[in-house]
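Chemist: Using only what follows, build the 3D model:
(chains A and B, ligands or ions: 2)
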2 protein chains.
Amino acid sequence: MTEVTFKRLALIGIGLIGSSIARAARQHGLAEEIVCAARTADSRRVAKELKIVDAAYDDPVEAVRGADLVIFCTPVGTYSKLAEQIAPALEQGAIVTDVGSVKAAVVKAIGPHMPDYVDFIPGHPVAGTEKSGPAAGFAELFINRWCILTPTDTARDEAVEKLSAFWSAMGSKVETMDAEHHDLVLAITSHIPHLIAYNIVGTADDLEDVTQSEVIKYSAGGFRDFTRIAASDPTMWRDVFLHNKEAVLEMLGRFTEDLAQLQRAIRWDDGDTLFKIFSRTRAIRRQIIDAGQETPEPDFGRVHSADESPKKP
Amino acid sequence: MTEVTFKRLALIGIGLIGSSIARAARQHGLAEEIVCAARTADSRRVAKELKIVDAAYDDPVEAVRGADLVIFCTPVGTYSKLAEQIAPALEQGAIVTDVGSVKAAVVKAIGPHMPDYVDFIPGHPVAGTEKSGPAAGFAELFINRWCILTPTDTARDEAVEKLSAFWSAMGSKVETMDAEHHDLVLAITSHIPHLIAYNIVGTADDLEDVTQSEVIKYSAGGFRDFTRIAASDPTMWRDVFLHNKEAVLEMLGRFTEDLAQLQRAIRWDDGDTLFKIFSRTRAIRRQIIDAGQETPEPDFGRVHSADESPKKP
Ligand SMILES: NC(=O)c1ccc[n+]([C@@H]2O[C@H](COP(=O)([O-])OP(=O)(O)OC[C@H]3O[C@@H](n4cnc5c(N)ncnc54)[C@H](OP(=O)(O)O)[C@@H]3O)[C@@H](O)[C@H]2O)c1
Ligand SMILES: NC(=O)c1ccc[n+]([C@@H]2O[C@H](COP(=O)([O-])OP(=O)(O)OC[C@H]3O[C@@H](n4cnc5c(N)ncnc54)[C@H](OP(=O)(O)O)[C@@H]3O)[C@@H](O)[C@H]2O)c1
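Modeler: Residues are numbered from 1 along each chain as shown, chains lettered A, B, ... in the order given. Ligands and ions are numbered 1, 2, ... in the order given. So this is what the prediction gives:
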């Protein structure tokens, strides 16, 4: 692992992802000074109380001044305005990156505002939980998870290497690809799963014949797993769908087509088709576990005894 | 909790659910003798090696002979034939029940074969994991989970009470309702979640522009959660969909309608609608956690550090 230390790391936004970076960067000594900007006084207070930042600013311009690494950690819908705002204060030679869950839209939102004396390298750590805010983060979040960088043509190779080393030092595995391909891959591995999870929770909430209390009582049959990812931040996810429209609609079209095939098989009592479709999926899970992206424990290792309390991550 | 002991408990099938019942019944002293019938020699051997049964039979008729509690623990598609087979050997006054994930079809499959000197009480413990087979079970599976009984008109009240006490003693909370309502409730809380999980894993597997290795690498974005329930036994789930067709098609129709609304909102950049739909779901999750049906730990309390190994349930 390359030795990497930044002088001043500025995090724009200090929620789940921003505060996890702050914790991991501090733990691994990746920055001499860590500062953040946050919108609400509450988030600034929490970040300071937790001692995960050296300073928390109201004004993002204050945060980026003198920073050699600037990371956007707010919902992607806020990027363009924030980029315009901070651009004049950016340090010569600074690396500017982000953690947004979409990438082509981020290139368009931030890119045009960037002065040519900074290296702009969009990024996305494929790691997260359903929780939000500065208290929800933890230093281990990125360990063994992939971080995708989608460097623009103008970014210098040594800057890309330095940013890669930063993510590696926090435990990530780093991959580079182009922004459009990122958006297609994440549409199926992240965006569509969230969309259908939000959707089924909504459908269940609207039923007249089944009460909400019944949905809650019998959720252990499968439903509760969907509520976890559907508990993610609505602002973040609204922005994801607004900013990865084409890829999401394309994948959603395929999902719906496939669902129609299953629906038809059920309607026509076609057990063979059902069995065939239900059989192909175990192999994929096996590979995800082998790749270290999932726990092999049944039921995610959930606690099953009433008196034992759940474990901390 | 009522004191309850059966003389001989016969489990037809000794997979995840059957073997969990065997373990829990043994642990709580709910039967003097526990026997099972299993199709393969391998399952019979494992069940005996694990010492969770006193005897394992090839022939279900042998298992039920002398039993005062008989529980069907095989895929529901096998029920009718098995019921016909064991009926003549059933003990006077025996309770006959099952654990199948659908109920109206089970009443039709087993009911007609039952002699009038037994009490037939269909049941469904709403608890499980994605694993199968006798080694996958554990005694704590039913703790704090609901078990739904759908007693037929002919079952005696004291038999229903005794069976309820049996499930309570294994840690379950017991509810009774009619079979049709059960099927509607479970369609949304269990069957549709499994169907769409199987479906998205299939969709991802079929893509040309995104490789399988990419799906696996970046699955931590949400996709991997779906692969868990899509790793469930294909035979069991084929049978569930073939035997709860009406309710599943009804709920699937609603799910698809709602998904079309989301699709439209994305297409027309309608952020307000997306935000509104994404906001209603947190409350439901909160209630599921408060009801003790889910772990409050972020990300299911998954292990996030590379060197820590996952915890046993
Ligand atoms: N959550 C995940 O699983 C995950 C995974 C990978 C990438 N990401 C990406 O990470 C980014 C942040 O997500 P998160 O989960 O960390 O969110 P979060 O916990 O909700 O935190 C968001 C942060 O952004 C700030 N913020 C929100 N709106 C703002 C605005 N209009 N102007 C200035 N600051 C604003 C918030 O400030 P206040 O607290 O003061 O409101 C907060 O500090 C998003 O772009 C998301 O796509 C998320
Ligand atoms: N898994 C869940 O999450 C869950 C939850 C609630 C209820 N249920 C219900 O529980 C029942 C069993 O599920 P499970 O998860 O325990 O399944 P499992 O682990 O796959 O075990 C199934 C058992 O049934 C036997 N079996 C399969 N086909 C048979 C046949 N044609 N004739 C005779 N025996 C046969 C198997 O014998 P061999 O091992 O010898 O093949 C095995 O012992 C199903 O009706 C299901 O709907 C399951």
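Chemist: wait, is A:His124 part of a strand?
Modeler: Yes: under DSSP: H, G, I helix; E, B strand; the rest coil, A:His124 sits within a strand.
Chemist: does the helix or strand hosting A:Ala265 come close to chain B?
Modeler: Assigned by DSSP states H and E, A:Ala265 belongs to helix A:245-267. Yes: using C-beta under 8 Å from any C-beta of the partner chain, we find that helix A:245-267 touches chain B at A:245, A:248-249, A:251-252, A:254-256, A:258-259, A:262-263, A:265-267. All C-beta spots, glycine's among them, are computed from the backbone N, C-alpha and C.
Chemist: Using PDB, list the CA coordinates for that helix.
Modeler: Extracted C-alpha coordinates of helix A:245-267, given in PDB (Å, rounded to 0.1, in the frame of the first residue of the first chain):
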ATOM      1  CA  LYS A 245     -32.700   8.100 -15.400                       C
ATOM      2  CA  GLU A 246     -31.700   6.300 -18.700                       C
ATOM      3  CA  ALA A 247     -29.900   3.400 -17.100                       C
ATOM      4  CA  VAL A 248     -32.600   2.900 -14.500                       C
ATOM      5  CA  LEU A 249     -35.400   3.000 -17.000                       C
ATOM      6  CA  GLU A 250     -33.500   0.500 -19.200                       C
ATOM      7  CA  MET A 251     -32.900  -2.000 -16.400                       C
ATOM      8  CA  LEU A 252     -36.400  -1.500 -15.100                       C
ATOM      9  CA  GLY A 253     -37.800  -2.400 -18.500                       C
ATOM     10  CA  ARG A 254     -35.900  -5.700 -18.400                       C
ATOM     11  CA  PHE A 255     -36.900  -6.400 -14.800                       C
ATOM     12  CA  THR A 256     -40.600  -5.900 -15.700                       C
ATOM     13  CA  GLU A 257     -40.300  -8.100 -18.800                       C
ATOM     14  CA  ASP A 258     -38.800 -10.900 -16.700                       C
ATOM     15  CA  LEU A 259     -41.500 -10.400 -14.100                       C
ATOM     16  CA  ALA A 260     -44.200 -10.800 -16.700                       C
ATOM     17  CA  GLN A 261     -42.700 -14.200 -17.600                       C
ATOM     18  CA  LEU A 262     -42.900 -15.300 -14.000                       C
ATOM     19  CA  GLN A 263     -46.400 -14.000 -13.700                       C
ATOM     20  CA  ARG A 264     -47.400 -16.000 -16.800                       C
ATOM     21  CA  ALA A 265     -45.800 -19.100 -15.400                       C
ATOM     22  CA  ILE A 266     -47.800 -18.800 -12.200                       C
ATOM     23  CA  ARG A 267     -51.000 -18.100 -14.100                       C
END
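Chemist: Please indicate which of the residues of helix A:245-267 next to chain B are buried?
Modeler: By neighbour count, with 16 or more other C-beta atoms under 10 Å in any protein chain shown, the residues of helix A:245-267 next to chain B hold A:245, A:248, A:251-252, A:254-255, A:258-259, A:262-263, A:265-266 as buried.
Chemist: returning to that earlier point: quick check: angle from the following helix or strand past the helix holding A:Ala265 to helix A:245-267?
Modeler: Next helix or strand after helix A:245-267 toward the C-terminus (DSSP H and E): helix A:271-279. For helix A:271-279 against helix A:245-267, the angle by axes from the mean of the first three to the mean of the last three C-alpha atoms, to 10 degrees is 140 degrees.
Chemist: Can I get helix A:271-279 as PDB, trimmed to CA atoms?
Modeler: Provided in PDB are the C-alpha atoms of helix A:271-279 (Å, rounded to 0.1, in the frame of the first residue of the first chain):
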ATOM      1  CA  GLY A 271     -43.900 -25.400 -12.500                       C
ATOM      2  CA  ASP A 272     -41.000 -26.300 -14.700                       C
ATOM      3  CA  THR A 273     -40.300 -22.700 -15.700                       C
ATOM      4  CA  LEU A 274     -40.600 -21.500 -12.100                       C
ATOM      5  CA  PHE A 275     -38.300 -24.200 -10.900                       C
ATOM      6  CA  LYS A 276     -35.700 -23.400 -13.600                       C
ATOM      7  CA  ILE A 277     -35.800 -19.700 -12.800                       C
ATOM      8  CA  PHE A 278     -35.600 -20.300  -9.000                       C
ATOM      9  CA  SER A 279     -32.600 -22.600  -9.500                       C
END
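Chemist: circling back to that earlier point, out of the buried ones among the residues of helix A:245-267 next to chain B, who's nearest B:Thr97?
Modeler: Of all those, A:Ile266 has the smallest distance to B:Thr97: 26.6 Å, by C-beta to C-beta.
Chemist: In this structure the closest one contacts B:His243, no?
Modeler: No: using C-beta atoms under 8 Å, A:Ile266 makes no contact with B:His243, being 10.4 Å away.
Chemist: residue boundaries of the helices in the stretch 151-300 of chain A?
Modeler: All helices of the stretch 151-300 of chain A, identified by DSSP state H, counting those that start in this stretch, fall at A:157-169, A:179-186, A:192-206, A:212-217, A:223-229, A:234-243, A:245-267, A:271-279, A:281-290.
Chemist: Can you say which of those helices is nearest to A:Arg45?
Modeler: For the helices of the stretch 151-300 of chain A, the distance to A:Arg45 is smallest for helix A:234-243, at 20.6 Å, taking C-beta to C-beta.
Chemist: C-alpha coordinates for that closest one, CSV please?
Modeler: Extracted C-alpha coordinates of helix A:234-243, given in CSV (Å, rounded to 0.1, in the frame of the first residue of the first chain):
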residue,chain,number,x,y,z
PRO,A,234,-35.3,9.6,0.6
THR,A,235,-33.4,12.8,-0.5
MET,A,236,-30.3,10.8,-1.5
TRP,A,237,-32.4,8.3,-3.4
ARG,A,238,-34.6,10.8,-5.1
ASP,A,239,-31.4,12.4,-6.5
VAL,A,240,-30.1,9.0,-7.6
PHE,A,241,-33.1,8.3,-9.7
LEU,A,242,-33.3,11.8,-11.1
HIS,A,243,-29.6,11.6,-12.1
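Chemist: ok, and what's touching it?
Modeler: A:75-78, A:101-102, A:105-106, A:132, A:191, A:194-195, A:198, A:248, B:265-266, B:269, B:271, B:274-275, B:278-279 (C-beta atoms under 8 Å, 6 or more residues apart in numbering or on different chains).
Chemist: Now the stretch 201-313 of chain A against chain B: closest residue?
Modeler: Proximity of the stretch 201-313 of chain A to chain B (C-beta to the nearest C-beta) peaks at A:Gly221, 2.9 Å away.
Chemist: Contact partners for that residue?
Modeler: Neighbouring residues of A:Gly221 by C-beta under 8 Å, 6+ apart: B:101, B:126, B:128, B:186, B:189-191, B:193.
Chemist: And the pLDDT at A:Glu308?
Modeler: Looking at A:Glu308, its pLDDT stands at 45.
Chemist: Return the distance of A:Asp153 relative to A:Gly123.
Modeler: Distance, A:Asp153 to A:Gly123, by C-beta to C-beta, to the nearest Å: 16 Å.
Chemist: actually A:Asp209, not the one I typed
Modeler: For A:Asp209, the distance to A:Gly123 - C-beta to C-beta - is 47 Å.
Chemist: who's more crowded, the two?
Modeler: For the pair A:Asp209 and A:Gly123, the greater number of neighbours falls to A:Gly123 (25 against 12), based on other C-beta atoms under 10 Å in any protein chain shown.
Chemist: Please name the bridge partners of that one.
Modeler: Bridge pairing for A:Gly123 (DSSP bridges) gives the partners A:Leu149.
Chemist: So what's the predicted local confidence for it?
Modeler: According to the prediction, A:Gly123 has pLDDT 98.
Chemist: contacting residues for it?
Modeler: Going by C-beta under 8 Å, 6+ apart, A:Gly123 touches A:71, A:97-99, A:147-150, A:163, A:167.
Chemist: try A:Ala230
Modeler: Here A:Ala230 is in contact with A:194, A:197-198, A:200-201, B:278, B:281, B:285 (C-beta under 8 Å, 6+ apart).
Chemist: would you turn the helices of the stretch 151-300 of chain A into a markdown table with mean pLDDT and distance to ligand 1?
Modeler: Shown next, in a markdown table, are the helices of the stretch 151-300 of chain A (pLDDT from 0 to 100; distance: least, C-beta to the nearest ligand atom, whole Å):
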| stretch | mean pLDDT | distance to ligand 1 |
| --- | --- | --- |
| helix A:157-169 | 98 | 13 |
| helix A:179-186 | 98 | 9 |
| helix A:192-206 | 97 | 9 |
| helix A:212-217 | 96 | 24 |
| helix A:223-229 | 96 | 9 |
| helix A:234-243 | 98 | 5 |
| helix A:245-267 | 98 | 14 |
| helix A:271-279 | 97 | 29 |
| helix A:281-290 | 93 | 17 |
